[in-house]
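**Student:** Build me a model from this:
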Amino acid sequence: MGITFFYYPIETFAFSTKLTFILSFVLQTTEMNELETTSAQPEQLDSARQPRQLYILFFAEMWERFSFYGMKALLLAYMVTQLKFDEPKGYAILGSYAALVYTMPMFGGFMADRFLGYRRAILYGGILMSIGHLVLAIPEDWSFFYGMAFIICGNGFFKPNISSLVGTLYKKNDPRRDSGFSLFYMGINIGAALGGLLCGYVGERINWHYGFGLAGIFMVLGLVVFAIGKKSLGQKGLPPNEAALRKPLVPFINSEWLIYLGTLIIIPFIVLLFNRYEWMDYIMFGLGLVSLVYILYIAFRLEPDAKQKLFAALTLVIFSTLFWAFYEQNAGSLNLFAMRNVDMHFLGADLPALSVNNFLPPGWVIVLSFFFAWLWPWLNKRGQEPSTPLKFGLSFILMGIGFCVFYLACKSNEGTGLIPLWAFVAGYFFIISGELCLSPIGLSMITKLSPMKIVGLMMGIWFFASAIGEFLAGKIGSLMSVPEAVQNNAVQSLPYYADILIKIGLGSMVLGGILILVVPLLRKWMGNVR
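**Tutor:** Numbering: from 1, shown residues only. As a prediction, the model looks like this:
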């Protein structure tokens, strides 16, 4: 296998590099034509209706999230059951992957702000992610780490910039902004729900690589939707300085091509990190420290009002890190918990655990997004809408209640080792209610509190907070590792989960209480932003 292990990655890398540059050239050509021939589209004047461009971004993001979450639903179970990794190693690699997925948006956001513009960054990221998903579908050992590496790099360009592009559709303090981001977030979760449901079923019940391949097909679909619909954006999201971007830095290579080439060179190093996942402890700590120092450096150079707003944003970003560390158990430990300790029988059918667990979070978001999209404007009209910091505090409390529901179900079913499906569904109801008080509001908060010139970078910082949270989620998940000797015994495996679930629940509610106590200070820093 030694020669094969090196041969196929090199061939795939060479092919995908050629494909990337060909497609990038086509995209650059069409972008230049648009720059010359299109004019800005008129703003939507109806204050009650969302900009029509939102729906293009809605569908592009929906299919991209189908692929991303469909693939993610399979990762830990695939490593443990097929690659035969022990659970602590599986959690470590999952945490490293998720951390890198949410770290790269800092790089992608910066490159979009300074050089590429949102639209070109989104298209390039979509190309890389499409390649990554299709590589994962190849049934070879080498394809697993290489496929994830392409997805990591592609997500760095795609994810922060499509969210930032949504922000450009609204003026400052536009009352439609929060509800627009809530609708956009619902699109994310429609894709995630379908991806988790279908890829989870195909991977668990039919063939793991077919599940990865299905995710790849829908990534290509999302890319096509955006490529076709981007004309409606007019001048929004184009490069800030097209001439500087095309100016050669070295013979035959300009800034744009250097960004593309540099990204491809990173991929083998990401594969190395998967094989040396213990290095991630130092990398995440270092990047976190550098990011904090850099944002503080920017903040202290701003006018007092802008500086305080950035301080408020940074405080909420730090709290969001802890939220994601608890919440992201759904992609790790709760996947294995569902497979081992949840009774999946419903109306005589034996439901696939991966499909159910990965459908529930986005499924609840779809249902509850309508409620929250209506609730915030309704409260706003009456002067009773909670401030952004208060919504963050409520998110922790609601999530804590959800984990406590899981724990109580475990204690009530120690004799069988299987909690009822209704309790699993109910716990997720509270967890997702908490998520909807934080995540879509967080995206909106970044665009409102950040200075215009660093919105893309701050969106990247927001996702980097998720990266640290995902990395910590892997550490927390490893505390629920079940010894191999009892993995197939539900009664004996249940206590390994219950002990940590209650600690997560209580810890989350305590953090929510602390955040509510500092709401007055944060509101003062936020000034006229609510």
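**Student:** Every contact and neighbour count from this point should use C-alpha atoms.
**Tutor:** OK.
**Student:** so the residue nearest to Ile318 when sequence neighbours are not counted, which of the three states?
**Tutor:** The spatially closest residue to Ile318, leaving aside those adjacent along the chain, is Ala465, at 6.7 Å (C-alpha to C-alpha, 6 or more residues apart in numbering). Following DSSP: H, G, I helix; E, B strand; the rest coil, the label given to Ala465 is helix.
**Student:** isn't Ala465 right up against Phe323?
**Tutor:** No - checked against C-alpha atoms under 8 Å, the pair Ala465 and Phe323 is beyond contact range at 9.7 Å.
**Student:** Overlap of the contact sets of the two?
**Tutor:** Here Ala465 and Phe323 share no contacting residue, scored by C-alpha atoms under 8 Å, 6 or more residues apart in numbering.
**Student:** Quickly find the element holding the most centrally placed residue in the chain.
**Tutor:** Closest to where the C-alpha atoms of the chain average out (C-alpha atoms, centre = their mean) is Tyr102, at 6.6 Å. Element membership for Tyr102 (DSSP states H and E) is helix 87-111.
**Student:** Also Met480?
**Tutor:** Applying DSSP H and E, one finds Met480 in no helix or strand.
**Student:** follow-up on the earlier one: looks like the residue nearest to the centre of the chain contacts Ser466 (just checking).
**Tutor:** Yes - using C-alpha under 8 Å, Tyr102 is in contact with Ser466, at 6.1 Å.
**Student:** Please enumerate the shared neighbours of these two.
**Tutor:** Contacts common to Tyr102 and Ser466, judged by C-alpha under 8 Å, 6+ apart, are absent.
**Student:** What is the least confident helix or strand in this protein?
**Tutor:** One helix or strand of the chain scores below all others by mean pLDDT, DSSP states H and E: helix 2-37, with a mean of 43.
**Student:** Low-confidence regions, this structure specifically.
**Tutor:** Scanning the chain for pLDDT under 70 picks out the ranges 1-48, 443, 456, 530.
**Student:** Which parts of it are strands?
**Tutor:** Taking DSSP state E as the test, the strands found in the chain are 248-250, 253-254, 345-346, 349-350.
**Student:** could those go into CSV alongside mean neighbour count and distance to Gln492?
**Tutor:** Formatted as CSV, the strands of the chain follow (neighbours: other C-alpha atoms under 10 Å; distance: least, C-alpha to C-alpha, whole Å):
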stretch, mean neighbour count, distance to Gln492
strand 248-250, 12, 62
strand 253-254, 14, 60
strand 345-346, 12, 20
strand 349-350, 9, 22
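**Student:** Out of these, flag the one nearest Met186.
**Tutor:** Of all the strands of the chain, it is strand 345-346 that lies closest to Met186, at 26.6 Å by C-alpha to C-alpha.
**Student:** partners of the closest one in the sheet?
**Tutor:** strand 349-350 (antiparallel) (DSSP bridges).
**Student:** how distant is the partner strand from the center of its chain?
**Tutor:** From the chain centre to the centre of strand 349-350 is a distance of 31 Å (C-alpha atoms, centre = their mean, to the nearest Å).
**Student:** Begin at 9, not 1, for the rest of this chat.
**Tutor:** I'll keep to 9 as the first residue from here, and by that count the last item is strand 357-358.
**Student:** about what we covered before: quick check: the residue nearest to the centre of the chain vs Phe471, distance?
**Tutor:** The gap separating Tyr110 from Phe471 is 5 Å, by C-alpha to C-alpha, to the nearest Å.
**Student:** what does Met87 give?
**Tutor:** 25 Å.
**Student:** which of the two has more neighbours?
**Tutor:** Phe471 (27 against 19; other C-alpha atoms under 10 Å).
**Student:** The more buried one touches Pro168, doesn't it?
**Tutor:** Yes - taking C-alpha under 8 Å as the definition, Phe471 is a contact partner of Pro168 at 7.4 Å.
**Student:** Mutual contacts of the two, please.
**Tutor:** Common neighbours of Phe471 and Pro168 (C-alpha under 8 Å, 6+ apart) are Pro113.
**Student:** And the helices in the stretch 109-258 of the chain?
**Tutor:** Using DSSP state H, counting those that start in this stretch, the helices of the stretch 109-258 of the chain run over residues 125-144, 151-175, 184-209, 216-237, 250-254.
**Student:** Looking at those, which is nearest to Lys399?
**Tutor:** Of all those, helix 184-209 sits nearest to Lys399, with 12.5 Å by C-alpha to C-alpha.
**Student:** quick one: that closest one to helix 151-175, angle?
**Tutor:** 160 degrees (axes from the mean of the first three to the mean of the last three C-alpha atoms, to 10 degrees).
**Student:** From Trp332, how far off is the residue nearest to Gly513 when sequence neighbours are not counted?
**Tutor:** Nearest residue to Gly513 in three dimensions, chain neighbours excluded: Gly408, at 3.9 Å (C-alpha to C-alpha, 6+ apart). Between Gly408 and Trp332 the distance is 12 Å, computed by C-alpha to C-alpha.
**Student:** Distance check, the residue lying closest to Asp507 once chain neighbours are set aside against Val364.
**Tutor:** Distances taken as C-alpha to C-alpha, 6+ apart place Tyr415 nearest to Asp507, at 7.9 Å, with adjacent residues excluded. Going from Tyr415 to Val364 by C-alpha to C-alpha gives 19 Å.
**Student:** burial of the residue nearest to Gly188 when sequence neighbours are not counted, as a residue count?
**Tutor:** Excluding the flanking residues, the one nearest Gly188 by C-alpha to C-alpha, 6+ apart is Gln58, at 6.6 Å. Neighbourhood size, Gln58 [other C-alpha under 10 Å]: 18.
**Student:** just checking, what packs against the helix holding Tyr110?
**Tutor:** Judged by 3 or more C-alpha pairs under 8 Å, 6 or more residues apart in numbering; DSSP states H and E, helix 95-119 is in contact with helix 61-89, helix 125-144, helix 151-175, helix 263-283, helix 463-486.
**Student:** change it to 6 Å
**Tutor:** helix 151-175, helix 463-486 (3 or more C-alpha pairs under 6 Å, 6 or more residues apart in numbering; DSSP states H and E).
**Student:** Of those helices, which is nearest His141?
**Tutor:** Of the helices and strands packed on helix 95-119, nearest to His141 by C-alpha to C-alpha is helix 151-175, at 6.0 Å.
**Student:** now that closest one and helix 95-119, what's the angle there?
**Tutor:** 40 degrees.
**Student:** Contacts for helix 151-175 next, please.
**Tutor:** The contact list for helix 151-175 (C-alpha atoms under 6 Å, 6 or more residues apart in numbering) reads 109, 112-113, 116-117, 126, 129-130, 133, 136-137, 140, 143-144, 275, 278-279, 467-468.
**Student:** Next, the angle helix 61-89 makes with it.
**Tutor:** If you take the same axes, to 10 degrees, helix 151-175 sits at 160 degrees to helix 61-89.
**Student:** Tell me who's in contact with Ser458.
**Tutor:** Leu318.
**Student:** 8 Å - rerun?
**Tutor:** Ser458 neighbours (C-alpha under 8 Å, 6+ apart): Ala314, Lys317, Leu318, Ala321, Met466.
**Student:** How about Asn197: what's its closest non-neighbour residue?
**Tutor:** Excluding its sequence neighbours, the residue lying closest to Asn197 (C-alpha to C-alpha, 6+ apart) is Pro370, at 4.6 Å.
**Student:** residues touching that neighbour, list them.
**Tutor:** Contacts of Pro370 by C-alpha under 8 Å, 6+ apart are Asn197, Ile198, Ala200, Ala201.
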